[in-house]
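**Student:** Structure for the following, please:
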Amino acid sequence: KFGIFWFLLPSLLVIINDISAYLFGSVFGRTPLMKISPKKTIEGFVGATFTTAIASYLIAYFSLTNNWLFKQSNIFIPLSKELESSDVLNFYKKVAISKIGIRHAELHAMGLSLLVSFIGPYGGFLCSAIKRTYGIKDFGNTIPGHGGITDRFDCQILLLPLVYFYMKAFCPE
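**Tutor:** This next block holds a predicted model:
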């Protein structure tokens, strides 16, 4: 109903978040984020959050012209009535949407980037706990430093159901 973009975007953002967390953590990482996954750092987490937010906006901005990604009626996805009346959103609407020119689809993409950045890593922590329990370092060795292809998508375990609920809650019928 929302178009393939809203299916592909969260998966792509998880990959961007995971790779940028790895890169920022490798270069700037000093402070461990959690004991269960000792190589994940706060610096990687913060860097990945900013990178994912910027990437989500740019992906939405450049994808809005592709008809096969968006249903034309969903380029400007309106917000739900409850969210429409909130003071915080009224501020964003006045500043971001009317003054800067951010379209609703771009705003939702950045909202999804925050969901990806804050919830996605917990799927990784869950899989890390499972791997540690069974004495496995990675689910594979396809991508050096990242584990297998399955490791790339472990963050989506908890995230994709939440993306569905986000779309149901904040994007009206």
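**Student:** Do you have the strands of the chain handy? List them.
**Tutor:** Along the chain, counting by DSSP state E, strands occupy 32-34, 37-41.
**Student:** Confidence-wise, which of these is weakest overall?
**Tutor:** For the strands of the chain, mean pLDDT drops lowest on strand 37-41, to a mean of 82.
**Student:** Quick one: list the elements packing against that one.
**Tutor:** In this structure, strand 37-41 makes packing contacts with helix 5-28, strand 32-34, helix 104-133, judged by 3 or more CB pairs under 8 Å, 6 or more residues apart in numbering; DSSP states H and E. To be clear about C-beta, it is placed using only N, CA and C from the backbone, and glycine gets the same treatment.
**Student:** Pretty sure residue 106 sits against residue 62.
**Tutor:** No: judged on CB atoms under 8 Å, residue 106 makes no contact with residue 62 at a distance of 10.3 Å.
**Student:** more crowded one of the two?
**Tutor:** Set side by side, residue 106 and residue 62 show more neighbours around residue 106, with 23 against 9, by other CB atoms under 10 Å.
**Student:** Could you pull up the contacting residues of the more buried one?
**Tutor:** 57, 60-61, 64 (CB atoms under 8 Å, 6 or more residues apart in numbering).
**Student:** Mind giving me the ChimeraX select for these, buried ones only?
**Tutor:** ChimeraX command restricting the contacts of residue 106 to the buried ones, with burial defined by 16 or more other CB atoms under 10 Å:
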select :57,60,64
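**Student:** Taking the contacts of residue 106 together, which two end up most distant?
**Tutor:** Of all pairs drawn from the contacts of residue 106, the greatest distance, 11.2 Å, lies between 57 and 64 (CB to CB).
**Student:** so how far does stretch 30-49 reach from one end to the other?
**Tutor:** Terminal residues of stretch 30-49 are spaced 17 Å apart (CA to CA, to the nearest Å).
**Student:** Give me the below-cutoff pLDDT ranges for the protein.
**Tutor:** Residues of the chain that meet the criterion pLDDT under 70 lie in 1-3, 65-101, 138-152, 172-173.
**Student:** picking that back up, out of the contacts of residue 106, who's nearest residue 9?
**Tutor:** residue 60 (7.3 Å).
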